[in-house]
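**Student:** my questions concern the predicted model and sequence given below.
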Amino acid sequence: MALALVREAVREADSTSEDRWSEADWRRAAQRTFDALGRETSGDRLHLVAALRQGMRLARDYELDLDWLADAAFRYVGDFVWEPIELPALPPAEADGNVIASAAEALVAALSAIAQRQRRHRGWTAEQLHTVLASDRLPERLLELPRYFPAECDRDLGNFESSLEGMRQVVDAGGGWLPRLRGASCIWPVGWGGSR
């Protein structure tokens, strides 16, 4: 909260001073901060989550490439400890309903749905992740997350054909979850017609 007040005060002062920053100056500063945050993700879980939250906000607000956020997102999901990752809402003038307007927003929506899947109905989780996929905002290397978890949800719901198709898409893409799929016999039920 205090950080938000300081940020607002600096921006307000900057908008009226003679040597105020241009939008390009703000974007360069955001990029430098974003890059510095990326160097904080190799530590413990606390640093990873803090860097993700701040990095995704900068990426959204300044339209930055996701860069290190992709690897950090896979680490976050791979740890299976679910602190919520959410961004403050955009000001009403900038918000566009529930539309996912950037890669950062798509990543936040995906991680939020994945994190809540232990507390929400699997159908809700799958629906949220299908919305992320439909937005077509995530870069290719991150599509594995919203593809894998709906397939897992379908398996839990007994929708085995849909689950198999989702798992095939993940395997065909050959991404970071592939070793997990090959090593987990629980992905495909025993006696089920799918092959690993």
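**Tutor:** All right, it came through fine. Since this is a predicted model, take the numbers as computed values, not measurements.
**Student:** could you point out which element follows the strand or helix carrying residue 58?
**Tutor:** Under the criterion of DSSP states H and E, residue 58 resides in helix 45-62. Downstream of helix 45-62, the next assigned helix or strand under DSSP H and E is helix 69-78.
**Student:** what packs against that following helix?
**Tutor:** With contacts taken as 3 or more CB pairs under 8 Å, 6 or more residues apart in numbering; DSSP states H and E, helix 69-78 sits against helix 45-62, helix 103-116, helix 144-157. Every C-beta, even on glycine, is put in place using the N, C-alpha and C of the backbone.
**Student:** now do the buried residues in that helix.
**Tutor:** 69-70, 72-74, 76-77 (16 or more other CB atoms under 10 Å).
**Student:** let's have the residues you listed in JSON lines, adding distance to residue 155 and pLDDT.
**Tutor:** Compiled in JSON lines, those are given as follows (distance: CB to CB, whole Å; pLDDT from 0 to 100):
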{"residue": "69", "distance to residue 155": "28", "pLDDT": "94"}
{"residue": "70", "distance to residue 155": "25", "pLDDT": "92"}
{"residue": "72", "distance to residue 155": "27", "pLDDT": "91"}
{"residue": "73", "distance to residue 155": "22", "pLDDT": "91"}
{"residue": "74", "distance to residue 155": "21", "pLDDT": "89"}
{"residue": "76", "distance to residue 155": "22", "pLDDT": "87"}
{"residue": "77", "distance to residue 155": "17", "pLDDT": "86"}
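**Student:** between these, which is closest to residue 158?
**Tutor:** residue 77 (23.8 Å; CB to CB).
**Student:** returning to what we had before: just want the angle from the helix holding residue 58 to helix 69-78.
**Tutor:** Interaxial angle, helix 45-62 versus helix 69-78 (axes from the mean of the first three to the mean of the last three CA atoms, to 10 degrees): 140 degrees.
**Student:** list the buried residues in helix 45-62.
**Tutor:** 48-49, 51-62.
**Student:** so which residue is dead centre in this protein?
**Tutor:** Nearest to the geometric centre of the chain sits residue 107, at 2.5 Å (CA atoms, centre = their mean).
**Student:** give me the pLDDT for it.
**Tutor:** With respect to pLDDT, residue 107 has a value of 92.
**Student:** report the separation between residue 132 and residue 21.
**Tutor:** 33 Å (CB to CB, to the nearest Å).
**Student:** who has more neighbours, those two?
**Tutor:** Using other CB atoms under 10 Å, the more surrounded residue of residue 132 and residue 21 is residue 132, with 27 against 15.
**Student:** just say helix, strand or coil for the more buried one.
**Tutor:** helix (DSSP: H, G, I helix; E, B strand; the rest coil).
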